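Q: Structure for the following, please:
(chains A and B)
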Amino acid sequence: MSTTNTELCSKESSMMAPTESPIVHLASRGISPVILLVGMYVFFHGHYSPGGGFQGGVLLAAAILLLRLSLGTSLSQPVMPSWITLRLSALGALIFAGIGLLSILLGGNFLDYHYLPMPWLEPAYLRYYGILLVEVGVTITVMTTLVAIYDDLLGC
Amino acid sequence: MHWMIEFLLFVILIVAALVGLTVRNLLAAAVILTIFSFLTAAIMVSLGAIDVAFTEAVVGAGAVGVFSIVAILMTSRKSRD
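A: A predicted model of the protein is given here:
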């Protein structure tokens, strides 16, 4: 299984990396930062408009997947390296569960933002920033997991 | 007026589903699948569910399309059944 996987990987990398079309390269390099910007907008406006952590994370992942698909896996490594994806995914899950368990430790329920240790904030703003922190974790996890699924699908 | 737009969207949705099921080229079938997802998102907008439509457009037309295209690139291009 591993031999076929490496053969497929080398064949894929030689087949997919040089698209040799400057139009495709230039268009994907130009569009990808715009998709990243829209993803950040969706993520930061998730409280009071349609959107949120999951949608923003999928948009950020779509920008990176566009570069992976057009430039190839090796040329798009500086945007997001392959070794960092699963670790960032675990970090996002740790942020989500850590905030939830922190509010349990401080006397509330799971994800009860009222008990977070930020006493200089009013309760409404405490919930606002608590939701924002949880959304940071969701966004990081969704983005890196989709890129990790792509890398694992190619086997590189 | 509103029901006419919605009816047109439903007709194009069914046509896209039938074409995607019967086409022999698998890459064309994947692209038609993303068109199906995008039309579903448009119908959700016309029903007033903006959040569902946004998720459907992003996931169905973005991530699932990329993953099915990669899966097709690793196999053969034509359907042989």
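
Q: Against B:Leu8, how distant is the residue nearest the centre of chain B?
A: Against the mean C-alpha coordinate of chain B, by CA atoms, centre = their mean, the closest residue is B:Phe36 at 2.0 Å. Look at B:Phe36 and B:Leu8: by CB to CB, to the nearest Å, they are 15 Å apart. C-betas here are computed from N, CA, C, even on glycine.

Q: Next: A:Leu101.
A: 50 Å.

Q: buried set for stretch B:2-14?
A: Across stretch B:2-14, burial judged by 16 or more other CB atoms under 10 Å in any protein chain shown covers B:Leu9, B:Leu13.

Q: Likewise for stretch A:45-55?
A: Here stretch A:45-55 shows A:Gly46, A:Gly51, A:Gly52, A:Gly53, A:Phe54, A:Gln55 as buried, counting by 16+ other CB under 10 Å.

Q: what does stretch A:133-142 give?
A: A:Val134, A:Glu135, A:Val136, A:Gly137, A:Val138, A:Thr139, A:Ile140, A:Thr141, A:Val142.

Q: and that stretch, average pLDDT?
A: Across stretch A:133-142, the average pLDDT comes to 93.

Q: what's the spacing between that stretch and its chain's center?
A: 8 Å (CA atoms, centre = their mean, to the nearest Å).

Q: Have a look at chain A and report its longest helix.
A: Counting by DSSP state H, the longest helix found in chain A is helix A:123-154.

Q: just checking, what packs against that one?
A: Helix A:123-154 is packed against helix A:2-16, helix A:53-71, helix A:85-105, helix B:64-73, with contacts defined by 3 or more CB pairs under 8 Å, 6 or more residues apart in numbering or on different chains; DSSP states H and E.

Q: A:Gly130 contacts A:Pro117, doesn't it?
A: No. Contact criterion CB atoms under 8 Å: A:Gly130 and A:Pro117 do not qualify, at 11.0 Å.
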